[in-house]
Structures are given as C-alpha cells and as structure tokens.
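S.K.: Fold the stuff below for me.
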Amino acid sequence: MHTPTSKAIISIVTILPLLLNLPTPTNADEISGRVGLDDGDTITIQLRLFGIDTPEKKQLCAKADGTCYPCGQQATNFVAGLLGYKPNSARRSKNSLKCGLVPGETSYGRPVAICYLGNINLNLAIVRAGWAIAYKRYLDKVPSLKSDFLKAEYEARYAKRGIWDGAFTMPERWRRGDRLTCE
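M.R.: Presented below is the predicted three-dimensional model:
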C-alpha cells in the first residue's frame, strides 16, 4: 500500500497556536490545504488530531460474534473517505482541511490540531462514527470541546458504531503490546 509523504501535499498558510475556547477555526490562525492520510488519526501534514485516539493501522478488533477484523484499517478508510482521499489513485485529497493548532505537541514532536472540513469538526466526526475514542487525558486543553467529545463517544458506544460493536484493545494499550486473543 502506498503511504504518501508530507512533501508537496499541503501549503502552510500560517502556524500559530490556537487560542483556547474557540468552537471553530474561523477566529484562529489556521493551516489549510490538501492533505494526505497516514493512519486514522494522523494526516500527512504531520498533525496529530486533538482529543482522539484511533486503532492503529495494523490493529484488529473483534466483532460482536467474536470474529476479528482490521479495525485500524477501517478507521483509516473512514477518515480517508471524509477527506476525499484515495490512497491508490492520488497523493492528495479532494477536500481542503482547515486546522487550528492546540498548544503543545506529541511525544513525536508533531503539533496537535482541531481540523474542520467546512463546518464539520473532523476530530469529533471520527469519534461520533465510532472509529476513535475520546482521548480523555488531553481534553482539558480545550475545555469548551471536552463535553462534545465525551458526548460523541457515548453516542457511538450506545449505538455500537465502529469499534464499539464488539471488543477492542484501547489503542494506547495496543501500542504497548496488549492484544485481543484473536490477534
């Protein structure tokens, strides 16, 4: 499978910290342009999507009947669909993304952002669809959105969407080596 690089995928307009408590990036400094997709919660402009954690690309989950399926790849495919990205046919998405930076960075040095496709909060859309958990330990950085993330996760869990339709290992624990018995 082709994994795009960050070169020539996005033009950076401005990169300044996002002011806290802003509901949309319209009042914030932004990064905008076309994006490539690395995995379900990382786009190839090397931003980490704030407040979420998706299954890793090679992670498996179990359906309600116990059969394993590639939930990490399905999470990636879901985000690719939202972005209008086709990994096998193009290096760029057809949809532009606007991202507002949240103060801080990941342990890998990537900036953290809240991204929008038009008026749709991409981060929340992934949680609402059940392909990410609300990354609770980081949500205090943007208190105005914390309840939205928690509500979106609750709705996905209750409706058994995405990873909530069976069993899975929390992505953070999976990265440390914990696995389901079917993996």
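
S.K.: Let's verify R137: helix, strand, or coil?
M.R.: Here R137 is recorded as helix under DSSP: H, G, I helix; E, B strand; the rest coil.

S.K.: what about L97, distance to L47?
M.R.: When CB to CB, to the nearest Å is the yardstick, L97 and L47 sit 9 Å from each other. Every residue, glycine included, has its C-beta placed from N, CA and C.

S.K.: Now the common contact residues for those two.
M.R.: Taking CB atoms under 8 Å, 6 or more residues apart in numbering as the contact criterion, the common neighbours of L97 and L47 are C115.

S.K.: Where does pLDDT dip in this structure?
M.R.: Within the chain, the stretches falling below the threshold (pLDDT under 70) are 1-36, 38, 42-46, 86-94, 105, 107.

S.K.: What ranges does it have for its strands?
M.R.: Remark: strands assigned in the chain by DSSP state E are 31-34, 37-39, 42-43, 47-49, 52-53, 61-63, 68-69, 96-105, 111-117, 120-121, 133-134, 166-167.

S.K.: now for those, which one comes closest to R176?
M.R.: When those are ranked by distance to R176, counting by CB to CB, first place goes to strand 52-53 at 12.8 Å.

S.K.: The strands of the chain: which one's closest to A152?
M.R.: A152 sits nearest to strand 133-134 of all the strands of the chain, at 6.8 Å, using CB to CB.
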